[in-house]
Structures are given as C-alpha cells and as structure tokens.
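S.K.: Turn this into a structure:
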Amino acid sequence: DTGEYLHEALALSAGKEADAKSDRYQVNLGPWSAGGDDQIQRLSAKTDRMAVSFEVRPLKPAVMHGDRGIVPKGDGLANYYMSYTRLAVSGELTFEGKKMPVTGLAWFDHEFGYMGVTPDTGWDWFSIQLDDNTEYMIYVIKRADRGIEPLSRACRIDQQSREQCILINETEISRLGVWKSPHTRTTYPSGWRIKIPKWNLDLIVAPEAADQEFIFMDLGYWEGGCKAIGKPASGLAFIELVGYGNSRVMGVINPDNQPKK
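M.R.: Numbering: from 1, shown residues only. Model prediction:
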C-alpha cells in the first residue's frame, strides 16, 4: 500500500549452509527453502524485516516450452524451460513482527541449462495472467550487436495449458515511459502497450510501483509486479528488465570465459 519494494538476495556456499536433495525436490539455502512435488510446493524465507511461509498449488498443468521443454536462443544455443503459469498461493507473511494471512496467484518460471551469452546482453521478459484464465509469456532477447534475437517469442497459454508461440516480429510492444533509478542511475522503460493482432490482444501494462529495482552485487535490474488492463481481459503481470546498466556479474558465463576441456 505504501509503494515500498523490499527485496533480499542470499548466496551461501554448498555444504552446511546450502544443499539440494537428489531424490526429491527440496532446496535449502540457510533459512530459505523450497520443496514439494507437482501437487504442492512449500516456500519459506526470512530476512531482518520480513518472512514468508507459503504453499503454492498448480491451478493448471505445467507447460513445457518450445520443443518438449527445449527452447532455442540463437547462435546454436538452447536450454531447458518449463513453467507453472498459474498457481494458487496461501500462507503467512510476517512484516516487522506482524503476522498476516495472505492469498494470491503465482507463476513458477524454471529455465535451466547452459544459457550461453544471453545474460551478457540482457532481455525483457513479460509474464501476464489474465482474468480469462489465459497467460502470455513474451521474451525479447538482446544481442551483443544491440539487435534483437530473431528467435525471441511471444507465447499464449490457453485454459488447458496448451502453448502457442509466435516470433516477436508478429507483436507490437511500445514503451510508454521511463524511470531512472536513484540507486544505480540506470534508466529503465516503465509502462508498455502490448498488441498481438493474431490473438486480439491489446494491453496497457503499468508497474504497481515505479521503484522495483533489484540489486545484487554490482548487478541492478528491474523486476516487479504490474497491472495489465485491456482485452481480451485484464489481469496481473510480472516483468524483468535486464541489461540496462553496466555490471561485471553479467559476463561471468560468457562462453569465452569457460574453461577449456
């Protein structure tokens, strides 16, 4: 309600502080954990100011993006990608010592495998949950030559979790404004109009709060909750904007830096 955006990042060495089970889905990172199965996941985390204890349950089957879960990223690179695009959330939020029950919707986005040079240049990623029980995932991958990767796509997930994708050149994404970070001095787009004639989609997407910049080490990127208003329905959105500022972290998985066999 105040428009304040709180975030925390945690990195711990494997072993005593961090581990992942090999026989089931259970990941522990100090006081943070995630685990469960395809019916229910349990998430918990704690920081100085807040804590969460959530259960999330899929409202629709998982989506295996691309060709049975493999998505090409250009230059002969690809990685694995699956999502639960609509999950019911219930649980408890603790904020500055006050506990309160909460409910909502979530999106589980799991992209893994060798990512190639993608993080070196950045991307815009949109996840949109509309009130008609459909979802849209749009990703615009930026190339090192400042162009757009032609394999960038827009995908529609229908009520039965069936995915249909089109190339990004069949979409119209217009920036409606910008926001300059007082923390990193980075300028990000802020507000969009998204039109996809093939699906009769025409949405205005606006941030819930302007300052939703996430900072980890020397990497700053914008990721935050938004409202989506338009047709065929209105709803919620979450957007990632990566690669708008300079960062040493962005180059750590460049193929040129990989150890030779």
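
S.K.: How many residues are close by the residue nearest to P101 when sequence neighbours are not counted?
M.R.: The shortest distance from P101 to any non-neighbouring residue, by CB to CB, 6 or more residues apart in numbering, is to E92 (5.9 Å). (Each C-beta comes from the backbone N, C-alpha and C, glycine too.) Neighbours of E92 under the rule other CB atoms under 10 Å: 14.

S.K.: what helix or strand is E92 on?
M.R.: Taking DSSP states H and E as the criterion, E92 maps to strand 77-95.

S.K.: Sketch out the low-pLDDT regions of the stretch 1-150 of the chain for me.
M.R.: 115-120 (pLDDT under 70).

S.K.: switch to 50 and redo it
M.R.: Low-confidence segments of the stretch 1-150 of the chain, defined by pLDDT under 50: 119.

S.K.: so what does the helix or strand hosting F126 touch, helix or strand wise?
M.R.: For F126, the host element (DSSP H and E) is strand 123-130. Applying 3 or more CB pairs under 8 Å, 6 or more residues apart in numbering; DSSP states H and E, we find strand 123-130 packed against strand 77-95, strand 98-112, strand 135-141, strand 192-196, strand 201-207, strand 235-242.

S.K.: residues in contact with it?
M.R.: Outside strand 123-130, the residues that touch it by CB atoms under 8 Å, 6 or more residues apart in numbering are 85-86, 105, 107, 109, 135-142, 173, 189, 192, 194, 203, 205, 228, 232-243.

S.K.: Those, buried ones only, as a PyMOL selection?
M.R.: Entered in PyMOL, the line below selects the buried ones among the contacts of strand 123-130, by 16 or more other CB atoms under 10 Å:
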select buried, resi 85+86+107+109+135+136+137+138+139+140+141+142+173+189+192+194+203+205+228+235+236+237+238+239+240+241+242+243
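
S.K.: and the closest residue in space to A88 that isn't next to it in sequence, what does it touch?
M.R.: In space, and not counting its chain neighbours, A88 is closest to R57: 5.0 Å by CB to CB, 6+ apart. Neighbouring residues of R57 by CB under 8 Å, 6+ apart: 39-41, 87-88.

S.K.: Look up how far A9 lies from F214.
M.R.: 8 Å (CB to CB, to the nearest Å).

S.K.: more neighbours, these two?
M.R.: Higher neighbour count among F214 and A9: F214, with 17 against 9, using other CB under 10 Å.

S.K.: pLDDT value on that one, please?
M.R.: According to the prediction, F214 has pLDDT 91.

S.K.: can you check N257 too?
M.R.: On the pLDDT scale, N257 gets 41.

S.K.: now swap in G243 and tell me
M.R.: On the pLDDT scale, G243 is placed at 88.

S.K.: Just give the nearest non-adjacent residue to it, would you?
M.R.: According to CB to CB, 6+ apart, the nearest residue to G243 is G122 (1.5 Å).

S.K.: And stretch 228-242, end to end?
M.R.: Stretch 228-242 has an end-to-end distance of 20 Å (criterion: CA to CA, to the nearest Å).

S.K.: begin at 797 from here
M.R.: Will do, 797 is the new start, and the previous item becomes stretch 1024-1038.

S.K.: List the contacts of it.
M.R.: For stretch 1024-1038, contacts defined as CB under 8 Å, 6+ apart pick out 901, 903, 915, 918-928, 930, 984-985, 995-1003, 1017-1023.

S.K.: Show me how far it is from its chain's centre.
M.R.: Relative to its parent chain, stretch 1024-1038 has a centroid offset of 13 Å by CA atoms, centre = their mean, to the nearest Å.

S.K.: same check, this time on stretch 808-827
M.R.: Centroid separation for stretch 808-827 versus its chain: 22 Å, with CA atoms, centre = their mean.

S.K.: now do stretch 1033-1046
M.R.: Distance, centroid of stretch 1033-1046 to centroid of chain: 11 Å (CA atoms, centre = their mean).

S.K.: Need the contact partners of stretch 889-903.
M.R.: By CB under 8 Å, 6+ apart, stretch 889-903 touches 845-848, 850, 852, 879-888, 923, 925, 931, 1032, 1034.
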